[in-house]
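**Q** Got a sequence here, can you model it:
(chains A and B)
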Amino acid sequence: DGGITQSPKYLFRKEGQNVTLSCEQNLNHDAMYWYRQDPGQGLRLIYYSQIVNDFQKGDIAEGYSVSREKKESFPLTVTSAQKNPTAFYLCASRPPGLRTDTQYFGPGTRLTVL
Amino acid sequence: GQNIDQPTEMTATEGAIVQINCTYQTSGFNGLFWYQQHAGEAPTFLSYNVLDGLEEKGRFSSFLSRSKGYSYLLLKELQMKDSASYLCAVNSNYQLIWGAGTKLIIKP
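**A** Residues are numbered from 1 along each chain as shown, chains lettered A, B, ... in the order given. Below is the predicted model:
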């Protein structure tokens, strides 16, 4: 079965702790994305990666970090510098090819910082 | 700046038709997407328009007017399972800019 997986679905952390969210895909997609979704707002781009070992900041990268060591994996670390980390985090990937812009999403991780 | 507007919430009756509008002002345009998102779940792709006109896909249709910066999603023969949020997103310079979504409530 091909798809995008994110784990865990729910995550609780204490304030001041770093936490890493997992995103894995076996679709052979080159591009991967991390979004944050808050109630009443559109999805906001945190980081994206078009190819292995390369990634770019999105609109709200402060307080987050990523790595892209393998094509299949794009983990997101929420650091203690992120002022308001409680949110729903969505990972997405996009098939290769310039004319294919559709992004496909994983199930999401809901992070709650206590 | 870049801006996408959708109504926050709409209510419709099972079996009826509903039209969800989306207006946009973006620095570039390479297509417009509609996604469906059930509560607590990930968005799923519904449609993509890059040229003006209507794209029909079963009970769902999506329309685009690039000159007016306007799109709509038309849902026919509404079913209770259509209760969800509908997200409009514009591909602007190969980045997706997202609207806040329209929550659609279906009543029996």
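
**Q** Past the least confident helix or strand in chain B by mean pLDDT, which element shows up next along the chain?
**A** Of all helical and strand segments in chain B, the minimum by mean pLDDT, DSSP states H and E falls on strand B:95-98, at a mean of 90. With elements assigned by DSSP states H and E, the helix or strand that comes after strand B:95-98 is strand B:102-107.

**Q** Distance from the chain centre to that next one, please.
**A** 13 Å (CA atoms, centre = their mean, to the nearest Å).

**Q** near chain B, which residues of chain A?
**A** Residues of chain A found near chain B, taking CB under 8 Å from any CB of the partner chain as the criterion, are A:40-45, A:58, A:90, A:101-108, A:110. All C-beta atoms are positioned from the backbone trio N, CA, C, and that covers glycine.

**Q** what's the least confident helix or strand of chain B packed up against?
**A** Counting contacts by 3 or more CB pairs under 8 Å, 6 or more residues apart in numbering or on different chains; DSSP states H and E, strand B:95-98 is packed against strand A:44-51, strand B:84-92.

**Q** could you give the angle of the last one to strand B:102-107?
**A** Taking axes from the mean of the first three to the mean of the last three CA atoms, to 10 degrees, strand B:84-92 and strand B:102-107 form an angle of 160 degrees between their directions.

**Q** interface residues of chain B facing chain A?
**A** So chain B meets chain A at B:4, B:8, B:30-31, B:33, B:40-45, B:48, B:87, B:89, B:91, B:94-101 (CB under 8 Å from any CB).

**Q** Mind giving me the ChimeraX command for buried ones among these?
**A** Buried residues within those, by 16 or more other CB atoms under 10 Å in any protein chain shown, are selected in ChimeraX with:
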select /B:4,31,33,42,43,48,87,89,91,95,96,97,98,99,100,101
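
**Q** quick one on the thing from earlier: okay, the helices and strands packed on strand B:95-98, which one's buried deepest?
**A** When those are scored by mean count of other CB atoms under 10 Å in any protein chain shown, the highest mean neighbour count falls to strand B:84-92 (a mean of 23).
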